[in-house]
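Student: could you work out the structure for the sequence below:
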Amino acid sequence: MKKALITGANKGIGFETAIQLLKNGYFVFIGSRIMENGLLAVKQLNEAGFANVEAIQLDVTDIASVEKARLQIESKIEVLDVLINNAGINGGFPQAALEASAEAFQKVMDTNLNGVLRVTQAFIDMLKKSDEPRIVNVSSSGCSLTLHCDPSWKYYSHKAAVYTASKAAMNMYTINLAYELRDTPFKVNAVCPGFVATDFNGHRGTGTAEEGGIRIAKYAMIGAEGPTGKFISEEYNPETGETPW
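Tutor: Predicted coordinates:
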């Protein structure tokens, strides 16, 4: 049975991604900043018939919490097959480039970029023990530099200086990570779940969290022939998913 860790998985897209992996026979660790919320998520999953799931307290902005989570998981399993860096914050709105403070940028970057690197670096040794290790960094087509320069793109006017900068930086981290792991069995991708309705966007999305979870889980389970080092948005590109950086 393959093992997966999903950060920020107590609700929304992370929760729906967990359901998809559980349906496919994975054991899933539900990373949750607040343990009570993680336990509630596990209770809901248990009631839905899923037994191979466990909550782990994990605050991606706190290195002590990350390291404690690694020790807890390492005490239970030797090999981690999948890491999904899903935890993220939007930083609140509006986010004008001339008005957003350096502190606002720093706070969002600490979760959306630094949180990804903290968790990835903490669990990389466990992932290296897997025959088919997969890392999915949950991104957004809304942080594509190319698309945001294209006035014909349907979300061209949806600018959010803080959030988009943090995810663009995370995408660059993904590129570098995939490059460093290029001669290994790893598949490392940045994947957009689509504009789906969750607490994250005040439920303004046009799709469902379940649809987002399906998209994320797909790239967590890809085979050896699958892509690596790519930016994927199946909402933007239904044929191949590949999206311009």
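
Student: for the spatially most central residue of the chain, give me its contacts.
Tutor: By CA atoms, centre = their mean, the chain has its centre lying nearest to N86, at 2.5 Å. Neighbour list for N86: I6, T7, G8, A9, I13, G14, T17, V138, I216 [criterion: CB atoms under 8 Å, 6 or more residues apart in numbering]. C-beta: built from backbone N, CA, C; applies to glycine.

Student: can you map out the helices along the protein?
Tutor: Taking DSSP state H, the helices of the chain run over residues 12-23, 35-47, 63-74, 102-112, 114-127, 145-148, 161-180, 209-220.

Student: now the ones you listed in a markdown table, with mean pLDDT and distance to K154?
Tutor: Shown next, in a markdown table, are these (pLDDT from 0 to 100; distance: least, CB to CB, whole Å):
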| stretch | mean pLDDT | distance to K154 |
| --- | --- | --- |
| helix 12-23 | 97 | 21 |
| helix 35-47 | 98 | 33 |
| helix 63-74 | 98 | 37 |
| helix 102-112 | 97 | 23 |
| helix 114-127 | 98 | 27 |
| helix 145-148 | 96 | 9 |
| helix 161-180 | 98 | 15 |
| helix 209-220 | 95 | 18 |
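
Student: nearest to F231, of those helices?
Tutor: helix 161-180 (6.0 Å; CB to CB).

Student: so which of the helices of the chain gets nearest N90?
Tutor: helix 161-180 (5.0 Å).

Student: thinking again about what came up before, can you redo the helices of the chain as JSON lines with mean neighbour count and distance to F195?
Tutor: Output for the helices of the chain, formatted as JSON lines (neighbours: other CB atoms under 10 Å; distance: least, CB to CB, whole Å):
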{"stretch": "helix 12-23", "mean neighbour count": "23", "distance to F195": "11"}
{"stretch": "helix 35-47", "mean neighbour count": "16", "distance to F195": "23"}
{"stretch": "helix 63-74", "mean neighbour count": "16", "distance to F195": "29"}
{"stretch": "helix 102-112", "mean neighbour count": "17", "distance to F195": "17"}
{"stretch": "helix 114-127", "mean neighbour count": "20", "distance to F195": "21"}
{"stretch": "helix 145-148", "mean neighbour count": "15", "distance to F195": "13"}
{"stretch": "helix 161-180", "mean neighbour count": "20", "distance to F195": "13"}
{"stretch": "helix 209-220", "mean neighbour count": "23", "distance to F195": "9"}
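
Student: what would these look like in TSV with distance to E235?
Tutor: TSV is the format used below for the helices of the chain (distance: least, CB to CB, whole Å):
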stretch	distance to E235
helix 12-23	13
helix 35-47	25
helix 63-74	30
helix 102-112	20
helix 114-127	21
helix 145-148	12
helix 161-180	15
helix 209-220	8
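
Student: D81: which of those is closest?
Tutor: Nearest of these to D81, taken as CB to CB: helix 114-127 at 7.5 Å.

Student: so what's the residue count around T208?
Tutor: Applying other CB atoms under 10 Å, we find 15 residues neighbouring T208.

Student: okay, now K187: neighbour count?
Tutor: 25.

Student: quick check: it vs K23, distance?
Tutor: The spacing between K187 and K23, counted by CB to CB, to the nearest Å, is 20 Å.

Student: what pLDDT does R204 get?
Tutor: At R204, the pLDDT value in this model is 57.

Student: quick one on the thing from earlier: A96: which of the helices of the chain is closest?
Tutor: Closest among those, using CB to CB: helix 161-180, at 6.4 Å.

Student: and that closest one, how far from the chain's centre?
Tutor: Per CA atoms, centre = their mean, to the nearest Å, the displacement of helix 161-180 from the mean C-alpha position of its chain is 12 Å.
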